[in-house]
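Asks: Dropping a prediction and its sequence here:
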2 protein chains.
Amino acid sequence: MSPNEAKRAVPDKREAILDAALELFVERGFYGTAVPEIADRAGVGAGTIYRYFDSKEALVNSIYRAQKMRFGQVALADFPATAPTREQFRTMWMRMAKFATANPQAFVFMELHHHARYLDAENVALEQRMLELFTNVVVSAQTRGDLKQGPPRLLMSIVMGAFVGVIRSCVEIAQPLEKADWKLAEQILWEAVRA
Amino acid sequence: MSPNEAKRAVPDKREAILDAALELFVERGFYGTAVPEIADRAGVGAGTIYRYFDSKEALVNSIYRAQKMRFGQVALADFPATAPTREQFRTMWMRMAKFATANPQAFVFMELHHHARYLDAENVALEQRMLELFTNVVVSAQTRGDLKQGPPRLLMSIVMGAFVGVIRSCVEIAQPLEKADWKLAEQILWEAVRA
DNA sequence: GATGACGGAATGAACATTCATTCCACTAGC
DNA sequence: GCTAGTGGAATGAATGTTCATTCCGTCATC
């Protein structure tokens, strides 16, 4: 029996800590969450957290990085760069909706910590890179004359803001949106930004 | 010299505390802000805060209530209940834009604390009442056939979400939106929700 | 296969620090 | 001199972090 297999006999504590911390950070925020609380919910000792993470800040940065990259994977993998703008928009929207429905907490977490002071440089850069990717897509769609003119930042704020608004209202009432309503929302926002 | 005048000789400490706390709560959140920090920024002693507010929670609730009511005044006073929906929408949007431009921090503060666990019952009720007011306006516009059908909550999430998105992007880059861009945003969102 | 010594993961009580709140000496205005 | 109002040091509770100890799976030895 290899050491690896032996280790797997114990349920993964690192994962348990990450999950518990994600939940609590969403519920109470970073400063509102005590490390021993995280340990309790994860079912480990308080000290164990420091075997896996250097500090509370390192923990929150770990979660942020992992979720952001997962989101990036889902949203941007095989992006249909040559497809019509209408289809690009629908694809992006529905992928985001799928991710956010499957992981509402992860999505809200990213929103909450977007511009937190305790995000490390690597995460700030990651955020920046993703923003630029989206901006490029918007700008080139504008150049093609498919989207309204105006500051790209404004268009993105409107679409992303609306998306976040919808997700948050779902989280508040603890009920995922119907597929039909997702489609309606997509249609509404496409009509909003199309040229 | 009357006692009132004498007091006014000292710049209003209550107001200074409220202003400093609003700023810091926006910058660092409720739990991330230490009471002595608030005192420092307000230019008063830490103990003085407790002459004016029972606790840190009472302070944050005071700010929330004051800003929410100010916002309600601005947004809903003399609401043109009989005007065409198009005009109602424009009026509401521009009033919110005016408030949020003049008080970006107050607006972000309200967004941040919307569903905080430390909001007292009175503030939760206040929030509820305002939500119902907006919902009524939306539903009756839908009944008139001026807005898209669909869950009113969904439409409101989209519009308010987009609005918040725009404001937050302004706050991030510390630069208010041009009047022209506000008009563009208004037009975009009207086209989004109109029937 | 049984035994016991070993390594390192896990623990949670203890520590230093930070925080909200209290308290009291001091001041300014009468 | 008296009072109301103030600042900021003092206080005790709570927090993030550490560390001496426990616990457990592994493996060499018989």
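Replies: Arrived safely, thanks for sending. Numbering: from 1, shown residues only, chains lettered A, B, ... in the order given.
Asks: Would you mind listing what in chain A touches chain B?
Replies: Listed as neighbours of chain B in chain A under the rule Cβ under 8 Å from any Cβ of the partner chain: A:28-32, A:115, A:117, A:148, A:150-151, A:153-166, A:168-169, A:172, A:177, A:181, A:184-185, A:188-189, A:191-193. C-beta: built from backbone N, CA, C; applies to glycine.
Asks: Find the helix or strand that A:Glu57 is a member of.
Replies: Secondary structure here is read from DSSP states H and E; on that basis A:Glu57 sits in helix A:56-76.
Asks: hmm, stretch A:29-36 in reach of DNA strand C?
Replies: No: taking Cβ under 7 Å from any atom of the strand as the criterion, stretch A:29-36 and DNA strand C are apart, separated by no less than 7.5 Å.
Asks: Give the full set of residues in contact with the residue most central in space within chain A.
Replies: Nearest to the mean C-alpha position of chain A, counting by Cα atoms, centre = their mean, stands A:Phe107 at 3.9 Å. Applying Cβ atoms under 8 Å, 6 or more residues apart in numbering or on different chains, one finds that A:Phe107 lies in contact with A:Phe71, A:Phe99, A:Ala100, A:Ile167.
Asks: And the average pLDDT for the top helix by length along chain A is what?
Replies: Once chain A is assigned using DSSP state H, the helix that runs over the most residues is helix A:121-143. Taken as a whole, helix A:121-143 carries a mean pLDDT of 95.
Asks: What helices and strands are in contact with it?
Replies: The helices and strands touching helix A:121-143, judged by 3 or more Cβ pairs under 8 Å, 6 or more residues apart in numbering or on different chains; DSSP states H and E, are helix A:56-76, helix A:85-102, helix A:152-172.
Asks: how about JSON lines for those, with distance to DNA strand D and mean neighbour count added?
Replies: Compiled in JSON lines, these are given as follows (distance: least, Cβ to the nearest atom of the strand, whole Å; neighbours: other Cβ atoms under 10 Å in any protein chain shown):
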{"stretch": "helix A:56-76", "distance to DNA strand D": "4", "mean neighbour count": "17"}
{"stretch": "helix A:85-102", "distance to DNA strand D": "27", "mean neighbour count": "17"}
{"stretch": "helix A:152-172", "distance to DNA strand D": "23", "mean neighbour count": "21"}
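Asks: Looking at these, spot the one closest to DNA strand C.
Replies: Ranking the helices and strands packed on helix A:121-143 by their distance to DNA strand C (criterion: Cβ to the nearest atom of the strand) puts helix A:56-76 first, at 12.4 Å.
Asks: Extract the C-alpha trace of the closest one and format it as CSV.
Replies: Backbone C-alpha positions of helix A:56-76 (Å, rounded to 0.1, in the frame of the first residue of the first chain) are rendered in CSV as follows:
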residue,chain,number,x,y,z
LYS,A,56,-6.2,33.3,8.1
GLU,A,57,-5.2,35.6,5.2
ALA,A,58,-3.4,32.9,3.3
LEU,A,59,-6.6,30.8,3.8
VAL,A,60,-8.9,33.4,2.3
ASN,A,61,-6.5,34.0,-0.6
SER,A,62,-6.3,30.3,-1.2
ILE,A,63,-10.1,30.1,-1.5
TYR,A,64,-10.3,33.1,-3.7
ARG,A,65,-7.7,31.8,-6.1
ALA,A,66,-9.2,28.4,-6.4
GLN,A,67,-12.7,29.6,-7.0
LYS,A,68,-11.6,32.4,-9.4
MET,A,69,-9.7,29.9,-11.5
ARG,A,70,-12.5,27.4,-11.5
PHE,A,71,-14.8,30.2,-12.6
GLY,A,72,-12.4,31.2,-15.3
GLN,A,73,-12.2,27.6,-16.6
VAL,A,74,-15.9,27.3,-16.8
ALA,A,75,-16.5,30.7,-18.3
LEU,A,76,-13.6,31.0,-20.8
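Asks: Go ahead and confirm A:Arg28 touches B:His115.
Replies: No: in this structure, A:Arg28 is not within contact of B:His115 by Cβ atoms under 8 Å, at 11.4 Å.
Asks: Of those two, give the one with the bigger neighbour count.
Replies: Under the criterion of other Cβ atoms under 10 Å in any protein chain shown, the comparison of A:Arg28 against B:His115 puts A:Arg28 first, with 15 against 12.
Asks: interface residues of chain A facing DNA strand C?
Replies: Applying Cβ under 7 Å from any atom of the strand, we find that chain A lies next to DNA strand C at A:Val10, A:Lys13, A:Gly43, A:Val44, A:Gly45, A:Ala46, A:Gly47, A:Thr48, A:Tyr50, A:Arg51, A:Tyr52.
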